[in-house]
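S.K.: Okay, sequence plus prediction incoming.
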Amino acid sequence: MKNSASVAAARRGARIGARQNSGGGRSGQWGAGHRIFVLPPALLLPILLLPALLLSALLTVRPVLAQDEDGAAISRGAYLFAAAGCAGCHTDVENDGPPLAGGRALETPFGIFYSPNITPDPETGIGDWTDADFLRALREGKAPDGSTYFPVFPYTSFTLIADADVADMWAYMRSLEPVTRENQAHDAAFPFGWRGLLPIWQWLHFDPGPMAADDGATLEIARGAYLVNALGHCGECHTPRGAMGAMDRDRWLAGTADGPEGGKIPNITPDIGTGIGAWSDAETLRVLESGMLPDFDVVGGGMGEVVRNSTSKLTESDRLAIVAYLRSLPAIENEEAAATQPEY
C-alpha cells in the first residue's frame, strides 16, 4: 500500500509539474521517504518562458486592436462630419482660408458672426478640449468655460445627435491636421452681442437632448428625420424664424424669404404649389446627389455648398431616407419662398 501511494503521488507530481517539498498531497504532507519528481530542463524551459511569451503576444495584439477600433471610429466620424456639413461654415473659402480653421463671415439679422477654428490646434482651435467639452458644446450649446454659444452655431439641431455619433465625430476631428489661426471677434448688433443674455434665450427657445424615437415612423423615415433634423440641421435655414431668431416649429421646413445672408431659402415641404410636392422621388434624389433641379438648372449659393460638402457624400440609402422623410411632412404653403422660384 505504501509503495502504491508513493507511485501515485509521483505520477500526480508529474502531471502538475515539480512539487515543493512542503506541497500538499491528500494527507497534506510529503513523507521523508518519498521521491521528488523533477522535470527535465528541456521541458522546464518552455514552461518558464510561457508567461513571457503570452505577455509579449498581448502587448503586440492589443495596440493593433486599439488602432482598428480607432480607425473604425474615425471612418464613421468622417461620414457623420460630412453629413453635418461642418466644412461649409468653418472654412473661409472666399479668402482661401485653411479647411476648418474658421473665419467665415456669417451674416444674420443680428449682425455678422465669424465661425471659429475647429481644428485640433491646442492654442487657437479645440485641441485642448475633452470628450465632455465636445459633447456639451453640441448637446447644450456651452463652451468649455461654461459660457453660452450664440445660436448661429446650430446646437439647437446638433443637440439631437446621438451620443455614439458625437463620439465618432470627435474621434475624426481629433485625427485632423491642426491649424493655427486666431478666432475673429463677432460684429453683432446691440444688444445681441451680449453673451449674458443667451441663457435667457436658451430657457425660452432651446430644448436640449438627443432625438426621441418616433414610434409611428418607418425605419427609413426615422433615419431621414435624423439626417435632416439632427446631423444635416436643415431646419436652421429652411424654417422661418421669429423676432428673437428662434425657429418657428409650426412652419417646419416651409422656407423663408429672409434666410442666411439675406437670401431666399425654399420651402421643402411636400406642398404641390410652393414646395417640392410636385417633384418625383428621382428628381428630389438628383438634387441631393448632384444639385440638378427638375428644370435642369442647378442649385447655387448655400445649397450648392450643402450638396458639394454633404449630401453628395451620403450613401444612396441615406439620400433615399431623406426623400422619404420630406415626403412624410405636412404640406405647408409659402408663396414667399416657393421652391420653384428661379433664385433657388
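M.R.: Alright, I've got the coordinates.

S.K.: hey, where'd the helices end up in this protein?
M.R.: 2-16, 41-84, 86-89, 131-140, 155-158, 163-174, 198-205, 219-225, 235-238, 281-290, 301-309, 316-328 (DSSP state H).

S.K.: lowest-confidence stretch among those?
M.R.: Among the helices of the chain, helix 2-16 carries the lowest mean pLDDT, a mean of 43.

S.K.: What is the neighbour count of the nearest residue to residue 185 once chain neighbours are set aside?
M.R.: With CB to CB, 6 or more residues apart in numbering as the criterion, residue 185 has its nearest non-adjacent residue at 7.4 Å, and that residue is residue 114. (Each C-beta comes from the backbone N, C-alpha and C, glycine too.) With neighbours defined by other CB atoms under 10 Å, the count for residue 114 comes to 16.

S.K.: which residues touch residue 114?
M.R.: 102, 103, 104, 105, 106, 183, 184, 185, 186, 187 (CB atoms under 8 Å, 6 or more residues apart in numbering).

S.K.: Against residue 107, how distant is the last one?
M.R.: Which is residue 187. Here residue 187 is placed at a distance of 10 Å from residue 107 (CB to CB, to the nearest Å).

S.K.: returning to that earlier point: identify the bridge partners of the residue nearest to residue 185.
M.R.: As for beta bridges, residue 114 partners with residue 105 under DSSP bridges.

S.K.: change the start of the numbering to 664 and stick with it
M.R.: OK, 664 is where the count begins now, so the last one is residue 777.

S.K.: what pLDDT does it get?
M.R.: Looking at residue 777, the pLDDT reads 97.

S.K.: How about residue 927?
M.R.: For residue 927, pLDDT reads 89.

S.K.: ok, it touching residue 918?
M.R.: Yes: using CB atoms under 8 Å, residue 927 makes contact with residue 918 at a distance of 7.4 Å.

S.K.: how many neighbours does the closest residue to residue 930 other than its chain neighbours have?
M.R.: Using CB to CB, 6+ apart and skipping residues adjacent in sequence, the residue nearest residue 930 is residue 918, 3.5 Å away. Residue 918 has 28 neighbouring residues, counting by other CB under 10 Å.

S.K.: on that earlier part again, just the buried residues from the contacts of residue 777, in ChimeraX please.
M.R.: Buried members of the contacts of residue 777, defined by 16 or more other CB atoms under 10 Å, are picked up in ChimeraX with:
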select :765,766,767,769,847,849
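
S.K.: Of the contacts of residue 777, which belong to strands?
M.R.: 768, 769, 850 (DSSP state E).

S.K.: Quick check: the gap between residue 858 and residue 881.
M.R.: 42 Å.

S.K.: Residue 978 too?
M.R.: 17 Å.

S.K.: Who has more neighbours out of these two?
M.R.: residue 881 (13 against 10).

S.K.: how about stretch 992-1007: buried residues?
M.R.: 992, 995, 997, 1000, 1001, 1002, 1003, 1007.

S.K.: my bad, stretch 818-834
M.R.: 818-824, 828-829, 831-834.

S.K.: Which two among those residues are spaced furthest apart?
M.R.: 819 and 834 (24.1 Å; CB to CB).

S.K.: show me the contacts for residue 923.
M.R.: Contacts of residue 923 by CB under 8 Å, 6+ apart are 769, 770, 771, 900, 965.

S.K.: number of nearby residues for the last one?
M.R.: What that stands for is residue 965. So residue 965, with other CB under 10 Å, has 17 neighbours.

S.K.: Same question for residue 873.
M.R.: Around residue 873 there are 16 residues (other CB under 10 Å).

S.K.: if I pick it, what's in contact with it?
M.R.: Per CB under 8 Å, 6+ apart, neighbours of residue 873: 802, 822, 823, 824, 825, 826.

S.K.: Pipe these into JSON lines and attach distance to residue 790 per row.
M.R.: As requested, those are exported to JSON lines (distance: CB to CB, whole Å):
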{"residue": "802", "distance to residue 790": "20"}
{"residue": "822", "distance to residue 790": "23"}
{"residue": "823", "distance to residue 790": "26"}
{"residue": "824", "distance to residue 790": "21"}
{"residue": "825", "distance to residue 790": "24"}
{"residue": "826", "distance to residue 790": "22"}
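
S.K.: and of those, the nearest to residue 972?
M.R.: residue 824 (17.4 Å).

S.K.: Against residue 907, how distant is the nearest residue to the closest one once chain neighbours are set aside?
M.R.: Once flanking residues are discounted, residue 824 sits nearest to residue 893: 5.0 Å by CB to CB, 6+ apart. Separation of residue 893 from residue 907 (CB to CB): 23 Å.

S.K.: can you pull the contacts of residue 799?
M.R.: Residue 799 touches 805, 807, counting by CB under 8 Å, 6+ apart.

S.K.: Tell me if I'm right that residue 751 and residue 969 touch.
M.R.: Yes: under the criterion of CB under 8 Å, residue 751 makes contact with residue 969 at 6.9 Å.

S.K.: Could you work out the end-to-end span of stretch 867-877 for me?
M.R.: Taking CA to CA, to the nearest Å, stretch 867-877 runs 24 Å from one end to the other.

S.K.: what's the offset of that stretch from the middle of its chain?
M.R.: 17 Å (CA atoms, centre = their mean, to the nearest Å).

S.K.: Repeat that for stretch 878-891.
M.R.: With CA atoms, centre = their mean, you get 18 Å for stretch 878-891.
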